[in-house]
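Chemist: A predicted structure for the sequence below; I have some questions about it.
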Amino acid sequence: MGRSTRPPARARRRFLAASSAVLVLSVASVAIAAGLLGSPSAQAQEAQEAQKAQGAEEMSGAGAVAAPASLPPELVERAREILRRVPLVDGHNDTPWQLRQRADNHLARIDLAASTAELDPPMHTDIPRLRQGGVGAQFWSVYIPVSMAGDGATATVLQQIDVVHRLAERYPETFEVAYGPEDIRRIFADGKIASLIGIEGGHAIEGSLAVLRQLYGVGARYMTLTHSADTEWADSSTDAPQYDGLSPFGREVVREMNRLGMLVDLSHVSAEAMHAALDATEAPVIFSHSSARALTGHPRNVPDDVLRRLPENGGLVMVTFVEPFVSEATREWFAEHDAAKARLESLHPGEPEAVEQGVEMWEEENPRPRATLAQVADHIDHVHEVAGIDHIGIGSDFDGISQGPIGLEDVSTYPLLLAELLRRGYSEDDVAKIAGLNLLRVFDQVEEVAAKLRAERPASDALIGELDGEPKGEPAHEGGSH
Ligand SMILES: [Zn+2]
């Protein structure tokens, strides 16, 4: 999930028109139902987040974006058949944040039992399309912006967790909250979608292991250690490093997550923090929505030296669909877009309308290169080559991005990606692992480790000030006592 800047309406309409046009090709090629639109969302997305992080990155030459491969319908049907046996587990979807932004969490205002593709801007997620996509389990992100760090973060994350619980109450035929791998298997066998809660950003715990434990108590089953900025104890991939990865308290957070049985999510953290967490953890880790840095040099992606540690750790990378993390050409476009905008701001100081007009002209002359389903499969291939088949999953980031890659426009499209893997020679067993069995194995191991650790040691009562300096009590908002 990214930060929020609403693109101008004209720009959104233009993206929509462009994506409708390219979609005709991809829909025809795979013979799926028409009417799915590439979906620019109201928020800024990982794309903008990426854009922010681009500055210091060295740009390499952009490859041409290929059209999606033509997928024989029989492969798509084989993929669907796999998903009737094995739950597709997606690592990251930002629908709860969409509900907050669009409807102030009034769930009656957005009917997920009907299509949300016609909303303005369209959403990527609704129940009919989740069913079409064969989704068996979803980690719903209870994302909160980093601007809330120390300013209502915990209350806001609780409100977003409440949304996931209320969705399960509102649509009991479809969703049931899952608290572990056995729940996922049972709920999937019952024909429902297991709904898991993933915290995005360690700022949610406001520097307190007590808060971490209580968030586990209300269902949180992973926590991404940072979002786009450093926390008080962990370095983000898109912020200045402060702690060589993790502070002593940050390592204690990882240990306590291990003891609780909460998945340690290393998407968004710096490479140093990935290594520090792998050094500290006693259980397998996940990357809930990240791709391979060797293919797309974005700092949000996972470098090979980290991928090579996954076989020993046991964890997995849930490959994401975020376009600038998938396509080097898209990533480069965002950098050029920023540079063009900065130039216009310098030429027209104090004239925001002129800048906006200039940016729109630039965008018309320089259409954004689109990432493709085939490129997402390339990232899966790379994680396969470097880490192995047991260390791959899927983490779309739908509804946290403006648009999915061509061919992966919304939650109905997972069978197409799996069909592409079959076409590339992955066996049905391999595809089943990628779809969900790897995540289930990791979650089983995380629970086994937690059971062992709970027998060995009590809850950690370490305080951040004690471990990282300046001894003081539990952090809390100021104001009550003075
Ligand atoms: Zn994210």
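Modeler: Great, that's in hand. Numbers count the residues shown, from 1 in each chain.
Chemist: Which residues does the strand or helix carrying Asn438 contact?
Modeler: Asn438 belongs to helix 438-456 when assigned by DSSP states H and E. Here helix 438-456 makes contact (CB atoms under 8 Å, 6 or more residues apart in numbering) with 87, 89, 91, 137, 180-181, 184-185, 221, 258-263, 282-284, 286, 314-316, 318, 390-393. C-beta coordinates here come from the backbone N, C-alpha and C atoms, glycine included.
Chemist: Inside helices: which ones of the residues you listed?
Modeler: Under the assignment DSSP state H, these contribute Pro181, Ile184, Arg185, Asn258, Arg259, Leu260 to helices.
Chemist: Identify the farthest-apart pair in the residues you listed.
Modeler: Largest separation among these by CB to CB: Arg185 and Arg259, giving 23.8 Å.
Chemist: out of those two, which sits in the busier spot?
Modeler: Higher neighbour count among Arg185 and Arg259: Arg259, with 24 against 17, using other CB atoms under 10 Å.
Chemist: quick one: the residue found closest to that one once you drop the neighbours it is linked to in the chain and Gln445, what's the gap?
Modeler: Excluding its sequence neighbours, the residue lying closest to Arg259 (CB to CB, 6 or more residues apart in numbering) is Leu453, at 4.3 Å. With distances taken as CB to CB, to the nearest Å, Leu453 is found 12 Å from Gln445.
Chemist: same thing with Tyr179?
Modeler: The gap separating Tyr179 from Gln445 is 16 Å, by CB to CB.
Chemist: Also Gly436?
Modeler: The value you get for Gly436 to Gln445, if CB to CB is used, is 15 Å.
Chemist: Who has more neighbours out of these two?
Modeler: Neighbour count, other CB under 10 Å: between Gly436 and Gln445, Gly436 has more, with 26 against 16.
Chemist: any chance you could map the strands in the stretch 151-300 of the chain?
Modeler: Taking DSSP state E, counting those that start in this stretch to define them, one finds strands in the stretch 151-300 of the chain at 175-177, 193-200, 220-224, 263-265, 286-287.
Chemist: Those strands into TSV, with extra columns for distance to Arg109, mean pLDDT and mean neighbour count?
Modeler: Below are the strands of the stretch 151-300 of the chain laid out as TSV (distance: least, CB to CB, whole Å; pLDDT from 0 to 100; neighbours: other CB atoms under 10 Å):
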stretch	distance to Arg109	mean pLDDT	mean neighbour count
strand 175-177	18	98	21
strand 193-200	20	98	26
strand 220-224	25	98	26
strand 263-265	30	98	29
strand 286-287	32	98	30
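Chemist: quick one: average pLDDT of the strand or helix carrying Trp97?
Modeler: Per DSSP H and E, Trp97 falls inside helix 95-103. In this model, helix 95-103 has an average pLDDT of 98.
Chemist: and the next helix-or-strand element following it, which residues are buried?
Modeler: For helix 95-103, the following helix or strand on the C-terminal side (DSSP H and E) is helix 127-132. Residues of helix 127-132 classed as buried by neighbour count (16 or more other CB atoms under 10 Å): Ile127, Arg129, Leu130, Gln132.
Chemist: can you list contacts of helix 127-132?
Modeler: Applying CB under 8 Å, 6+ apart, the contact partners of helix 127-132 are 33, 36, 112-115, 117, 138, 171, 174, 193, 410-412.
Chemist: now, among these, which is nearest to Ala79?
Modeler: Here the nearest of those to Ala79, counting by CB to CB, is Ser412; it sits at 12.4 Å.
Chemist: Just give me the neighbour total for that closest one.
Modeler: 24.
Chemist: can you tell me how far it sits from Leu130?
Modeler: According to CB to CB, Ser412 stands 8 Å off from Leu130.
Chemist: Repeat that for Arg424.
Modeler: Distance, Arg424 to Leu130, by CB to CB: 25 Å.
Chemist: How about Asp381?
Modeler: Between Asp381 and Leu130 the computed distance is 26 Å (CB to CB).
Chemist: Output the below-cut-off pLDDT ranges for this structure.
Modeler: Across the chain, the ranges flagged by pLDDT under 70 are 1-69, 471-473, 476-482.
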